[in-house]
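Trainee: Let me see the structure of the following:
(chains A and B)
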Amino acid sequence: MSKPKKTGLTQNKNWSLAWQFARCELRHSVIRFRVFLAALMLGVAAIGAVGSVAESMRSGITDNGRMLLGGDFELSSLHVTPDDELLDKVRQTASLSEIIQMRAMLGKETDTEHAATRKLVELKAVDEAYPLVGIVELSPPQTLKQALANRGAVVAPALLRATGLSVGDKAQLGEITITVRGVLDSEPDQTISFVSFGPRLMVSTATLNESGLRQEGAFITYRNRAVVRQASQLEDIITELDKAVENTHIRLRTTDSAAGAFDRFIERAERFLMLVSLTALLIGGLGVSGAVQAWLQSRMTVIATLKCVGATSNLIFRVYMLQVLAMAGLGIAGGLVLAGLTPFATTRLFADYVNVPLDPTFYPRPLAIAAAFGFLTTLVFALWPLSRTQFIRAAHLFRTLSEPPTGWPGNTVLSAIIICCAGLLSLALLATGNIVLSFSFLVGTGIALLFLSGLGEAVLRGLRLVRSPRYIPTRLALSAITRQGSPLRSIILAFGLGLSVLVAVTLSQYNLASQLNGRAENDAPDWFFIDIQPEQMTPFITLVKEQAPNTVIEQTPMLRGRVTALDGVPASQFSPDNESAWILRGDRALTWQALPPGETKIMTGSWWSSDYSGPPLLSITHEMAEDFGLAVGDSVSLNILGREITGEIANTREVAWESFRINFVFIMSPGLLEGAPHSWIATTKSDTDDTASKIEQAVTSSFKNISALSVRQAVSTVEKVLDLLGNAIQLTAAVTLLSGLAVLAGSVATSEAQRISDSIILKVLGARRTDIILSWLFEYALLGILTALVASVIGTGVSWALIVLFIESNFIFNLPLILSTAFIGAGFTTLLGLIGAMRSLSFRPAPFLRETV
Amino acid sequence: MTSSNRHNVSAQANQDKGPPAVIELKDAWLQLRSQSGITDILKGIDLSIPTGQHVAVVGPSGAGKTSLLMVMSGLEALTSGQAVLTGLDTTNMNEDRLASLRRDNVGIVFQAFRLIPSMTALQNVAVPLELSGQADAHDRAAKALADLGLSHRLNHLPDQLSGGEQQRVAIARAIAPQPKILLADEPTGNLDSTTGKQVIKQLFAAARSVQAALVLITHDEVLASQCERLLRVTDGKITADTMSRPSKKRA
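Mentor: Numbering: from 1, shown residues only, chains lettered A, B, ... in the order given. Here you go, the predicted structure:
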């Protein structure tokens, strides 16, 4: 007698008994949960991966905050240096280093007359104390002090490539000749930014002073970095400085905000990708629901038998609940492993954009969030089908078991589903940090699911009304789609949603790219010339007109100021989540004009009279007025060059930033600012590229202090960022499609028994393999076409909403793109459905008939 | 044994004189709703089966035999009338109470065995014992299987067993909790005749061992004749209820 295997259960403890039965049921059945596992794994992996990659970047920034900032804190100001008094105070407790940054043109010394090799550079002038934190690495190896002495310079490798300069060459910077002494292998405090207008050129402060570039009104940033002598004093010093610089032109940055803009970019990209990933998971949820239903359908006899021998509904619910949870655990674990590995795999991908050492490791928080998402999604989608186990009656054992029971779950299960939905919402909030976004996303997805489900039902009913075609394979296909338990609804729902996301993403990306290019091609000027001194304006215009009389020139005076208060309320009291918060964050360019700029659309109020000379009036963007609740008559306070100026809002106007023309948030009435040190900005637009480049050469070689920014280059820089983001979103959208495919595979698997029986009966009746294959081809092609059509409509709708309502731009409808995206996806449906179904053909009729007849 | 050595009995009379009834049906009506409308399956059946009695239920297909068995196991609720099982009125019991009633008092043997495919023979037999919280569930299950000659098959899954072995596991599962009622629906229907005979022999022995009332649905008149009482069901009614004379064999 073989020894009985003890399972350790001696008491009727409901959960342990349930687990014991569940373990038996799970034996050899993991394979039947493959769709469940795949669907859950993909969603969890996507969410976890997005979070982990974002976290790895954030932690790279946080860990290196001091190095990125170049000190414990930084006091920066535009146009003029921070007050000496303040700096002297800082010097008492900390070491200081002053850095001056601006844009400038660098040319080969021998080539000054042919300025084609002149290149816009990000100029950085450093004192001897630089760098306070980190090390500058140069090749050939030398100290920075040696390299920068006697008008020496070190440059980024990209500058050498762009200009053809080599180490040892002379180059023209402003009025002087400098010598390139080395290449910057590592610059510890290099700004993290996707948008850079030129490669780095580093010189000494003395060299900059000699170059003649440091002119009044030039767009110069002064950065004073400090390292405190006693770390314990840091907090007090920062608190003190925070108060001292409030409402002044000086900005205090600490290591927390070392890469503020980049941090915000990561946060936004993460938020968006997180929502796309969540869509993938929710589609996966449909797969979970389908798989649980299919599993329970196959276990109806077992459930009935258990009930027959005395198991209660409660116990049976637990038995199957534990199985689902065990499988969910497996799927989530798989997803977490994939997600956890992503930072390791993507470090190289982002290394070009982020100059901090990315230290890939496992990040528990995003993985925990992803796991919780997976767990709650499983519950939301599995509880309902699981609750139906209570409707399976033991009496089924004596009658034919076919369709699983339907019906609403009881109050407990319904409450649990609602709690889990609330949990999902809380998690979405935790993951995106935005309640409106999370809530509207979940509600939107819910509505989309309901809509798709209704649409699936309508299509099904419509098809049932279609007269049966005479051609047998088509007739078989139609009957397969319209019969009881047809996968049509679930395919339209899950695959349709995945495909819709892909269509929406592709179309939106196309819209953004086309508009950017379109604007750049048509309306945008060729060049922005900055740092033009007021007295250079007339010769500048003369020079440009000499080169090409038809050139359109726009020019305006410009200086920068910081918003200190809106209608008396300090700027620091406004929410950083406000859509227009960027206006309050840094220094904003502003100008003064007697007349409104051409094509200006005044939304509220009116423009001041051309000879107005009263107290300062302001014209602000209508968007800013709306976001901050400002109206005509309210005031805006600005700190300009250390002086507080308050103006009254006279009007609000519409600004099309994407036109790449000169635009300002603030335009002030003439008078007050004219006497302040300022520079001019001008744009030129020529008929041909040749003329445009001739103008740039002439201007930059004649005026050494004027820098030229190419709009085309700026567009391509923005495009690069858009592409990176777009690719990341498309990749995530592809995961949603994969989740949809998993659901499709599940549907094919579920209908396999029916398909085998159909194909065998058809074979018995004399149908050839070709007829059967054709009928399946028609079936999946029809499903594919229907899904593609649905996805085209929904995807276009979502993209339209995103472009028109959210980005507030014009929507470009691109039918070929929509249809090709949708139908490539639909092609997959057909192909995969067919491949899945082909298995059923291999069954031979005789054994099947012997078994069932 | 033929009908000649049987005599008609009244259920009431049987109850009055014999041991206590474990199954009592009073004016039992069962209607089922189908696409073609409402069909009367059982039409006012009165029946009483005492402890230890072996009853065969025969009748043509569709006569209501299986439905009668389902009512006797609490698997089907009557449309009207009363079903009292082991002294408990099942009329207003919910599914879970009925499940507990079956767990403790009713064993069922199906034509198609109905073993849980994912559990071993031992685990299958232990299920009802574990459900009732028996500490020695596995030991008792192992004994029940050993009594049926299956001690070498304890850890085999159903699909590793022959049809006869599967049915014997099913009998062990039905009998292990020592039920007062043992119901069998065509227990030999899926077996060859030799195996069928062995299984029936073991089924009777098992029922006797726990003194359970055995209700056996069968098409096989010879098999039916081995029971001491025979119910003939036709069109939802009991058309004959006969007792066999005490046979020498039984004595």
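
Trainee: Any idea which residue of chain B lies closest to chain A?
Mentor: With Cβ to the nearest Cβ, the shortest gap between chain B and chain A falls at B:R103, namely 2.2 Å. Every C-beta, even on glycine, is put in place using the N, C-alpha and C of the backbone.

Trainee: I'd like to know how many residues surround that residue.
Mentor: The tally of other residues near B:R103 (other Cβ atoms under 10 Å in any protein chain shown) stands at 24.

Trainee: and it, that's in a helix?
Mentor: Yes. According to DSSP: H, G, I helix; E, B strand; the rest coil, B:R103 belongs to a helix.

Trainee: Can you give me the pLDDT of it?
Mentor: The model reports B:R103 with a pLDDT of 87.

Trainee: Can you list the buried residues in stretch B:52-65?
Mentor: Across stretch B:52-65, burial judged by 16 or more other Cβ atoms under 10 Å in any protein chain shown covers B:52-59, B:63-65.

Trainee: related to what we said a few turns ago, I figured the residue of chain B closest to chain A was touching B:Q134, is that so?
Mentor: No. Counting by Cβ atoms under 8 Å, B:R103 does not reach B:Q134; the two are 10.5 Å apart.

Trainee: By proximity to chain B, which residue of the stretch 551-700 of chain A wins?
Mentor: Counting by Cβ to the nearest Cβ, the stretch 551-700 of chain A gets nearest chain B through A:D577, at 52.3 Å.

Trainee: now chain A
Mentor: A:G310 (2.2 Å).

Trainee: and the closest residue to that residue other than its chain neighbours, what does it touch?
Mentor: Distances taken as Cβ to Cβ, 6 or more residues apart in numbering or on different chains put B:R103 closest to A:G310, at 2.2 Å, once the chain neighbours are dropped. Neighbour list for B:R103: A:309-311, B:128, B:131-132, B:177 [criterion: Cβ atoms under 8 Å, 6 or more residues apart in numbering or on different chains].

Trainee: so the residue of the stretch 551-700 of chain A closest to chain B makes contact with A:T432?
Mentor: No. The pair A:D577 / A:T432 is not scored as a contact, 11.5 Å apart, by Cβ under 8 Å.

Trainee: Those two: which is more packed in?
Mentor: Between A:D577 and A:T432, counted using other Cβ under 10 Å, A:T432 has the larger neighbour count: 20 against 9.

Trainee: Mind pulling up the pLDDT for the closest residue in space to the more buried one that isn't next to it in sequence?
Mentor: The shortest distance from A:T432 to any non-neighbouring residue, by Cβ to Cβ, 6+ apart, is to A:R271 (4.5 Å). With respect to pLDDT, A:R271 scores 82.

Trainee: Remind me what the host helix or strand of A:R271 packs against, helices and strands.
Mentor: Element membership for A:R271, per DSSP states H and E: helix A:260-298. Packing partners of helix A:260-298 (3 or more Cβ pairs under 8 Å, 6 or more residues apart in numbering or on different chains; DSSP states H and E): helix A:34-63, helix A:313-351, helix A:364-387, helix A:411-432, helix A:435-465, helix A:496-522, helix A:711-750.

Trainee: just these: most buried one?
Mentor: The highest mean neighbour count among those, using mean count of other Cβ atoms under 10 Å in any protein chain shown, belongs to helix A:34-63: a mean of 26.

Trainee: how about whatever helix or strand comes next after that one as CSV, C-alpha atoms only?
Mentor: Going down the chain from helix A:34-63, the next helix or strand is helix A:65-69, by DSSP H and E. Output of helix A:65-69 as CSV, limited to C-alpha atoms (Å, rounded to 0.1, in the frame of the first residue of the first chain):
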residue,chain,number,x,y,z
GLY,A,65,22.6,67.5,-7.3
ARG,A,66,25.5,69.2,-5.6
MET,A,67,27.7,68.5,-8.6
LEU,A,68,25.1,69.6,-11.1
LEU,A,69,24.5,72.8,-9.3
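
Trainee: can you give me how far helix A:65-69 is from the chain middle?
Mentor: 25 Å (Cα atoms, centre = their mean, to the nearest Å).

Trainee: where does chain B have low pLDDT?
Mentor: Applying pLDDT under 70 to chain B picks out residues B:1-18, B:35, B:245-251.

Trainee: is the top helix by length along it up against chain A anywhere?
Mentor: Counting residues, the longest helix found in chain B (DSSP state H) is helix B:193-210. No. Helix B:193-210 stays clear of chain A (Cβ under 8 Å from any Cβ of the partner chain), getting no nearer than 15.6 Å.

Trainee: who in the stretch 151-251 of chain B is up against chain A?
Mentor: Close to chain A, as judged by Cβ under 8 Å from any Cβ, the stretch 151-251 of chain B has residues B:151-155, B:173, B:185.

Trainee: Let's see that with 10 Å instead.
Mentor: The stretch 151-251 of chain B has residues B:151-157, B:170, B:173-174, B:176-177, B:185 near chain A, with proximity defined as Cβ under 10 Å from any Cβ of the partner chain.

Trainee: can I get those residues in CSV with secondary structure?
Mentor: As requested, those are exported to CSV (three-state DSSP):
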residue, secondary structure
B:S151, helix
B:H152, helix
B:R153, helix
B:L154, coil
B:N155, coil
B:H156, coil
B:L157, coil
B:A170, helix
B:R173, helix
B:A174, helix
B:A176, coil
B:P177, coil
B:D185, strand
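
Trainee: from the buried residues of stretch B:52-65, which ones fall inside helices?
Mentor: Residues of the buried residues of stretch B:52-65 located in helices (DSSP H): B:K65.

Trainee: Reformat the buried residues of stretch B:52-65 as a markdown table; add distance to chain A.
Mentor: Listed next are the buried residues of stretch B:52-65 as a markdown table, based on distance: Cβ to the nearest Cβ, whole Å:
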| residue | distance to chain A |
| --- | --- |
| B:G52 | 22 |
| B:Q53 | 22 |
| B:H54 | 21 |
| B:V55 | 18 |
| B:A56 | 18 |
| B:V57 | 14 |
| B:V58 | 17 |
| B:G59 | 15 |
| B:A63 | 14 |
| B:G64 | 12 |
| B:K65 | 10 |
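
Trainee: Out of the buried residues of stretch B:52-65, list just those in strands.
Mentor: In this view, the buried residues of stretch B:52-65 that belong to strands under DSSP state E are B:54-58.

Trainee: re earlier: possible to save the helices and strands packed on helix A:260-298 as CSV with distance to A:G836 and mean pLDDT?
Mentor: Formatted as CSV, the helices and strands packed on helix A:260-298 follow (distance: least, Cβ to Cβ, whole Å; pLDDT from 0 to 100):
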stretch, distance to A:G836, mean pLDDT
helix A:34-63, 11, 87
helix A:313-351, 21, 89
helix A:364-387, 22, 93
helix A:411-432, 31, 89
helix A:435-465, 20, 82
helix A:496-522, 17, 78
helix A:711-750, 4, 76
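
Trainee: Make CSV out of these and add distance to A:V655.
Mentor: Formatted as CSV, the helices and strands packed on helix A:260-298 follow (distance: least, Cβ to Cβ, whole Å):
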stretch, distance to A:V655
helix A:34-63, 31
helix A:313-351, 33
helix A:364-387, 38
helix A:411-432, 29
helix A:435-465, 25
helix A:496-522, 14
helix A:711-750, 17
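
Trainee: and of the ones you listed, who's closest to B:D27?
Mentor: When the helices and strands packed on helix A:260-298 are compared by Cβ to Cβ, helix A:313-351 sits nearest B:D27, at 29.6 Å.

Trainee: Now do the SS call for A:F197.
Mentor: Going by three-state DSSP: A:F197 is coil.
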